[in-house]
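Q: Here is the input, now give the coordinates:
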Amino acid sequence: MFRFLLILFICIGCTKSTDVNDVETFQKKWEKLGITNYEFTLRVICFCTLETVGPHTIVVKNNEIITVNGAPYDSTKHYSVKTIKQLFDFIQESLAKKPASKTLEFDTEYYFPSNIAFDFSTMIADEEMGYRITYFKQLY
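A: You can find the predicted model right below:
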C-alpha cells in the first residue's frame, strides 16, 4: 500500500508539457476536419458533485450540444459539459492564467484534446480542473 501511495504521489506531480503553439496546431487540425456532428463521453475532473463529474454522454450537432446522457441539453443543469471547441477555449483561457502544472494530450486521429488537467496553484487544494474525453464518434 505504501508503495502504491508513493507512486501515486510522484505521478501527481508529473505533467506532459505542451506549449501554446502545439495546442493551436491541434486546434487547426481539428477545425480542418470540419466535424460538426459528433458524440463522446466526457468526465469532468474536479472536486465537484458526482452529477457534475459524470461520465456524461454528449451528442453535438452543428457544433451545439443537443443531449447529455440522453436528456435534452439544459445549460443551467449541464453547466460543466463542453463541446470540443469549448474545450479548446478552456485550454487557451487556462494557459493564459499561467497554471502551476498542466497535462494536455490530444487524439492522434481527430486531434481533439483527450486529456486536459490544470493545477492553477500548488498552494491551494481542490482547485484543479480537467476533462477527459473517451468514446468519440463522428456522426453523419
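
Q: Longest strand of this structure, counting residues only.
A: strand 129-138 (DSSP state E).

Q: so what strands line up beside that strand?
A: If you go by DSSP bridges, strand 129-138 pairs up with strand 38-45 (antiparallel), strand 113-119 (antiparallel).

Q: Looking at those strands, which one is packed in the most?
A: Highest mean neighbour count among these (mean count of other CB atoms under 10 Å): strand 113-119, with a mean of 20. Every C-beta, even on glycine, is put in place using the N, C-alpha and C of the backbone.

Q: residues of the longest strand of the chain that come out buried?
A: Across strand 129-138, burial judged by 16 or more other CB atoms under 10 Å covers 129-133, 136.

Q: Quick one: distance of that strand to the chain centre.
A: Chain-centre distance of strand 129-138: 6 Å, with CA atoms, centre = their mean, to the nearest Å.

Q: Tell me who's in contact with the residue lying closest to residue 131 once chain neighbours are set aside.
A: Once flanking residues are discounted, residue 131 sits nearest to residue 116: 4.7 Å by CB to CB, 6 or more residues apart in numbering. Contacts for residue 116 were tallied using CB atoms under 8 Å, 6 or more residues apart in numbering; they are 87, 90-91, 103-105, 130-132.

Q: could you redo the last one with a cut-off of 10 Å?
A: Counting by CB atoms under 10 Å, 6 or more residues apart in numbering, residue 116 touches 45, 82, 87-88, 90-91, 94, 102-106, 129-133.

Q: Just grab the bridge partners of it for me.
A: residue 104, residue 131.

Q: still on that earlier bit, what mean pLDDT does the longest strand of the chain have?
A: The average pLDDT for strand 129-138 rounds to 93.

Q: swap in stretch 35-43?
A: 97.

Q: how far is that stretch from where the chain is centred?
A: On CA atoms, centre = their mean, the centre of stretch 35-43 falls 12 Å from the chain's centre.

Q: Output that stretch as PDB, nothing but the C-alphas.
A: Only the C-alpha atoms of stretch 35-43 are listed here, as PDB (Å, rounded to 0.1, in the frame of the first residue of the first chain):
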ATOM      1  CA  ILE A  35     -16.500  17.800 -37.900                       C
ATOM      2  CA  THR A  36     -19.700  19.400 -36.600                       C
ATOM      3  CA  ASN A  37     -21.800  16.400 -35.600                       C
ATOM      4  CA  TYR A  38     -20.300  14.000 -33.000                       C
ATOM      5  CA  GLU A  39     -20.800  12.100 -29.800                       C
ATOM      6  CA  PHE A  40     -18.400  11.400 -27.000                       C
ATOM      7  CA  THR A  41     -18.100  10.600 -23.300                       C
ATOM      8  CA  LEU A  42     -16.800  13.400 -21.000                       C
ATOM      9  CA  ARG A  43     -15.600  13.100 -17.500                       C
END
